[in-house]
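Next input, structure requested:
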Amino acid sequence: GFVVGHAGLYQALAMFAVAYFIIGMTVLSVCAIATNGALDAGGAYYMISRALGPEFGGSIGIMFFLANVCGSALYVLGLVEAVVDSFGIPPGQEAGTGVHVLPQSYWYELLYGTVLLALCLLVCLVGASIYAKATFLIFLIVAVVLGTILVSFFATRPLKVPILLPHLNGTETDNGFFTGFSLNTLRDNLGGGYEVDYTTGQMMSFSSVFAVMFNGCTGIMAGSNMSGDLKRPSYSIPRGTISAVLFTYLIYNLLAFLMCATCNRILLQKDYGFLRDISIFPPLVTVGIYAATLSAAMSNLIGASRILYALARDDLFGRALALAKKTSASGNPVMAVIFSWLVVQVVLFSGKLNTIASVVTIFFLLVYATVNLACLALEWASAPNFRPTFRYFTWHTCLLGIAGCCVMMFLISPVSASASLGFLLLLLLALHYLSPSSTWGYISQALIFHQVRKYLLMLDVRKDHVKFWRPQMLLMVQNPRGSARLIDFVNDLKKSGLYVLGHVELQDLDMLPSDPLQPQQDSWLSLVDKLNVKAFVSLTLAPSVRHGVRQLLFTSGLGGMRPNTLVLGFYDDEAPQDGLARHPAFTSAREEVPLGFPPLRTPTTPKLLSAREYVGIVSDALKMLRNVLLARQLESLDKAWELRRAASPPPTIHVWPVNLLRPDSARYADTCSLFLLQMACVLNMARAWRRARLRLFLCVEAGTMPHAQEEKLRQLLKDLRIQAQIQLVPWDAITRLHWQTCRGPPGGPAEEEEEEEGVVNFPTNTTQVSDEYVCAANKLVLEQSPAPAVRFLYLPRPPADTSLYPLYLHQLELLTRGLGPTVLVHGVSAVTSTQL
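Below you'll find the predicted structure:
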């Protein structure tokens, strides 16, 4: 009567259609989730938390608990209104007559609500079995009453109904009319006619009427809230919920039509208890109203207690809800029931039903939207284990349900909807940072997997372009204890590219009972988390380190995301230092270094690979067209100190783009030099290194027009958009040492022979470059002051003759000796572009 009196038949039917569309979509989602596995106590909370994870589940669980609590209070207040309408002393009279004996005031109505709520509490404390019997009895009563009301519309003769209304000067009398079936009455009631609600004194509108009406549709979760008490929830919830929704939708529409065709608007708007006046047996209507509202109040109270119990049992809020875990001998969560009752009692102080209706409606809409979101996420994740026996849903129905809920929330009350979403967001953040990790599974992981797979398939390596090149690193780590700072440094070098930590375990799977790498995986992943690096972990078994690195270079990555750069620590005789124990991630948090990593080798312990094998790894990577970086003494790089020191000159990065082991080929624009420049620039672009300055060293000889070379290099840097300071370094004395030990001057037969062999970056002149020359080159690099944070040097290609590998490594060691943190770089792919 309230709905059709204010909104008219057309708008009332539209309200029912919108409400039941939202509810229908949500019911399909509920049925899908409910038939996809065993359900436990908590209903919608249980479904959402197991589908979307503890953050969403816990926050929506609290919202759903509050919705049920406010709903219970709403129905208790509705019952109080019905009791006062039937037995209350009319306004303006000091003493009642006949059955009108109950005083009316705010405090008296609060007392009546408290008594009625205590009755609900007693039923819920006894347990779910007595509640089920009570609700079934109430269902029978309501069905009988509904039958008599439908008969009354046809059997009752037209009559005038006097209405007493409160007024500033006491009361005023108005007359409503029951006309029987009349075309004129129906025509008058077709359109809207919003007036002031006589119980609250507030002007009604479409949104406020919809908010009150929607509370008559929120019982769809009553069955799922009892999921822990049902014998077969996956069987009962879909059948019971769908049949209830269809039944109530038909009844609401039928009642709306009958009321509009038989009752004038004054009767509908000014007397919400008019059905008693037109009934063939008025007391039965009163009993039906009491039974329906009492049933709804009990349903919401027991639903709230079950949600609270499920939240407490999952330990999402720690000690705050510890008491709510306690149950009776029969398994009834009595403490959760008592706590829910207390909260409902507090809500009763709001006083009027229509005051809290909009808040309750928004809470329920928010829960329904999240149930649809949970089902949508499960459907979009395409997980093989999501195969509900209820199949009458698609992602379209879930999406429509979410959209309908969100639109109606903001139509009803934009302020309340925004406040509710803000509260939900706060709960989400709090649970994300404070709640313990769960073993329920995270739908976000399934969705991420689904999307990543889709985009990886779209990442076509045939469409790669140099403009969009980025470093994709494979860092080989023997023991993380001695490589913590190197791991951190390479993380700065990756520039949002792929970063893989590779490790080779020297064992034979044929001789082992199981894979020894599986237990190590967790230690490596914990290390990645603690060091806060964005890296994957790839472990492999191999008979030798070289074979293992080959495996990882061939197999690491997926699709268009594969390592294009291999990073190795330097091969020398220095004893490794445990940098992990000194790393801020462990020293500041006072946490122990993750277990699972063996202690570092001592200087007397033999190495796992020989010098020849180490150079062979470099050679293999270059043959496989991978760029190579060799990092020496990176563990001595204190990045925090270097980059945050208060000294006026900022830290520098020294870049030597010339092949110091081949002075007869001092070119600055070959592929390797440009790659070296790119890597130095990438490091400088990292957030932690932006304060550093690049210094580029141009080695010049007398008589070679150094200023022209400098201008040419400056133009190259400008074209590449690299900001660097160019410093000219005379090296005549160094090159003179080289030519003294060579077989001939530049351009002689030896050089022609090397060029004919097609060796570009490293010829067989390893034998020609003397140790004296290399030491002089090392001294030249070392003399450039101030000392930089890190140096980038050109890495020559290993010689084709494998017998020269030890000599090649020896000269690299001489070249970088005492230089501090140094990165030797060899690039094989074009990585710079001057185009837009």
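
Quickly note the distance from Met458 to Val500.
Applying Cβ to Cβ, to the nearest Å, the value for Met458 to Val500 is 21 Å. For the C-beta atoms, the positions are set from N, CA and C on the backbone; glycine is no exception.

Looking at those two, which one has more neighbours?
Counted by other Cβ atoms under 10 Å, Met458 and Val500 do not tie: Val500 has more neighbours, with 21 against 10.

Roughly how far does that one sit from Pro563?
Distance from Val500 to Pro563, counting by Cβ to Cβ: 6 Å.

Tell me where the model's unsure across the stretch 1-150 of the chain.
When the per-residue scores of the stretch 1-150 of the chain are filtered using pLDDT under 70, the ranges that remain are 37-43, 90-100, 128.

repeat that with 80
Using pLDDT under 80 as the threshold, the predicted model of the stretch 1-150 of the chain has low-confidence ranges 36-57, 85-102, 104-106, 126-132, 135.

quick one, strands of it?
Here the stretch 1-150 of the chain has no strands by DSSP state E, counting those that start in this stretch.

ditto for the chain
Along the chain, the segments classed as strands by DSSP state E run 159-167, 170-178, 473-476, 499-506, 536-542, 565-569, 627-632, 652-656, 693-700, 725-730, 790-794, 822-826.

wait, which of those strands is closest to Leu677?
Nearest of these to Leu677, taken as Cβ to Cβ: strand 652-656 at 6.6 Å.

Give the partner strands of the closest one in its sheet and their orientations.
strand 693-700 (parallel), strand 790-794 (parallel) (DSSP bridges).

Could you tell me the end-to-end distance of stretch 636-650?
The first and last residues of stretch 636-650 sit 19 Å apart, counting by Cα to Cα, to the nearest Å.

right, and the strands paired with strand 652-656 - which one's nearest Gln507?
Proximity to Gln507 (Cβ to Cβ) singles out strand 790-794 among those, at 35.3 Å.

So what's the residue count around Asp522?
As a burial measure, the neighbour count of Asp522 was computed by other Cβ under 10 Å and equals 13.

Leu183 now?
Leu183 has 8 neighbours, counted by other Cβ under 10 Å.

got it, and Val615?
For Val615, the number of neighbouring residues by other Cβ under 10 Å comes to 22.

if I look at Val500 and Pro563, which residues touch both of them?
Common contact partners of Val500 and Pro563 (Cβ atoms under 8 Å, 6 or more residues apart in numbering): Met473, Leu474, Leu552, Ser556, Gly557.

so where's the stretch 551-700 of the chain uncertain?
Along the stretch 551-700 of the chain, the model assigns pLDDT under 80 to residues 575-596, 598, 601-605, 638-649, 663-669.

quick one: the helices in it?
Ranges of helices within the stretch 551-700 of the chain are 579-582, 584-587, 611-623, 639-644, 671-685, based on DSSP state H, counting those that start in this stretch.

With Pro798 as the reference, name the closest of those.
Pro798 lies closest, by Cβ to Cβ, to one member of these: helix 611-623, at 4.6 Å.

re the thing from before, for Asn332, find the nearest of the strands of the chain.
Ranking those by proximity to Asn332 (Cβ to Cβ) places strand 159-167 first, at 43.2 Å.

which residues does the residue sitting nearest the centre point of the chain contact?
Centrality entry for the chain: nearest residue to the mean C-alpha point is Ser444, 6.0 Å, by Cα atoms, centre = their mean. Going by Cβ under 8 Å, 6+ apart, Ser444 touches Leu52, Gly53.

surely Ser295 meets Thr135?
Yes: taking contact to mean Cβ atoms under 8 Å, the distance of 5.5 Å between Ser295 and Thr135 places them in contact.

With neighbour numbers in mind, choose between these two.
In terms of neighbours (other Cβ under 10 Å), Ser295 is the more surrounded of Ser295 and Thr135; the figures are 23 against 19.

Same list (the strands paired with strand 652-656) but as CSV, adding distance to Val407 and mean neighbour count.
As requested, the strands paired with strand 652-656 are arranged in CSV below (distance: least, Cβ to Cβ, whole Å; neighbours: other Cβ atoms under 10 Å):
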stretch, distance to Val407, mean neighbour count
strand 693-700, 55, 20
strand 790-794, 56, 25
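
Include distance to Ala383 when you put the ones you listed into CSV, please.
Output for those, formatted as CSV (distance: least, Cβ to Cβ, whole Å):
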stretch, distance to Ala383
strand 693-700, 49
strand 790-794, 46
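
out of these, nearest to Gly219?
Proximity to Gly219, assessed across the strands paired with strand 652-656 by Cβ to Cβ, is greatest for strand 790-794 (67.9 Å).

I'd like the helices of the stretch 551-700 of the chain as TSV, with distance to Ala51 appended.
Converted to TSV, the helices of the stretch 551-700 of the chain look like this (distance: least, Cβ to Cβ, whole Å):
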stretch	distance to Ala51
helix 579-582	38
helix 584-587	34
helix 611-623	45
helix 639-644	42
helix 671-685	41
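
right, so the ones you listed: which one is the most enclosed?
Ranked by mean neighbour count under mean count of other Cβ atoms under 10 Å, the helices of the stretch 551-700 of the chain are led by helix 671-685, which reaches a mean of 22.

Are there helices or strands packed against it, and which ones?
The contact analysis (3 or more Cβ pairs under 8 Å, 6 or more residues apart in numbering; DSSP states H and E) places helix 671-685 against helix 484-493, strand 652-656, strand 693-700, strand 790-794, strand 822-826.

wait, doesn't Ile450 sit right on Glu379?
Quick fix: residue 450 is His, not Ile. No: using Cβ under 8 Å, His450 and Glu379 do not qualify as a contacting pair, with a distance of 10.6 Å.

okay, these two: which has more neighbours?
Glu379 (20 against 14).

Check the gap between that one and Leu373 for me.
Glu379 is 11 Å from Leu373, by Cβ to Cβ.
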